[in-house]
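Student: I would like to see how this sequence folds:
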Amino acid sequence: MTLAIQIALCAALILSIFIPGIVFLKGERTKGRLKSALAINLFTFFGLLIIATVAMFAGAAPTFADEAQAAAGSGLKEGLGYIAAALSTGISCLGGGIAVASAASAALGAISEDQSILGKSLIYVGLAEGVCLYGLIISFMIIGQLG
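Tutor: Residues are numbered from 1 along each chain as shown. Take a look at the predicted model:
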């Protein structure tokens, strides 16, 4: 895929993000504006998905020199591996934060009424924090496979 095609696909992706938002915000204050914005969003998403797939497979077939160069250098595999590690940690911590916020506030309210349930409530808060640790462990496993 050439640089011009990549730039055009990036520009189309940016437009596909902003156009439904503009349609939604500038449309009439009716229920139809949500449906039209959703329809435009789906059309542009799947249209770009098809165009990107065709553009990706339209290039020349890789040769043995390309495969040797990809195997020798740190390329796409490592980059996507680091992105996967970052996303597993980030998204799990985001979900864990939401879970801890709900569990801890409920636990504090319950403890203020009856102090004998402190141990049970701490278990639920700890389980919510465990989600973050699982994401961190997965990211360590991903980084271990890269090196």
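
Student: tally of neighbours for Leu133?
Tutor: 13 (other Cβ atoms under 10 Å). Glycine gets a C-beta too; all of them are placed from N, C-alpha and C.

Student: that one: which element?
Tutor: helix 118-146 (DSSP states H and E).

Student: show me what that helix is packed up against.
Tutor: helix 76-113 (3 or more Cβ pairs under 8 Å, 6 or more residues apart in numbering; DSSP states H and E).

Student: packing partners of the helix it packs on?
Tutor: helix 118-146.

Student: show the model's pLDDT score for the residue sitting nearest the centre point of the chain.
Tutor: For the chain, Leu87 is the residue whose C-alpha lies nearest the centre (Cα atoms, centre = their mean; 6.7 Å). The per-residue pLDDT reported for Leu87 equals 90.

Student: what of the one 3 residues further on?
Tutor: As predicted, Gly90 sits at a pLDDT of 91.

Student: Glu129 now?
Tutor: pLDDT, Glu129: 87.

Student: hang on, the earlier thing: list the contacts of the residue nearest to the centre of the chain.
Tutor: By Cβ atoms under 8 Å, 6 or more residues apart in numbering, Leu87 lies in contact with nothing.

Student: gap between Asn41 and Met141?
Tutor: Distance, Asn41 to Met141, using Cβ to Cβ, to the nearest Å: 35 Å.

Student: could you do Gly96 as well?
Tutor: Following Cβ to Cβ, the distance that separates Gly96 from Met141 is 18 Å.

Student: and those two? which has more neighbours close in?
Tutor: Gly96 (20 against 11).

Student: OK, contacts around that one?
Tutor: 128-132, 135.

Student: selection in ChimeraX covering whichever of the residues you listed are buried, please.
Tutor: Restricted to buried positions by 16 or more other Cβ atoms under 10 Å, the ChimeraX selection for those reads:
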select :128,129,131,132,135
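
Student: fine by me, we can end here.
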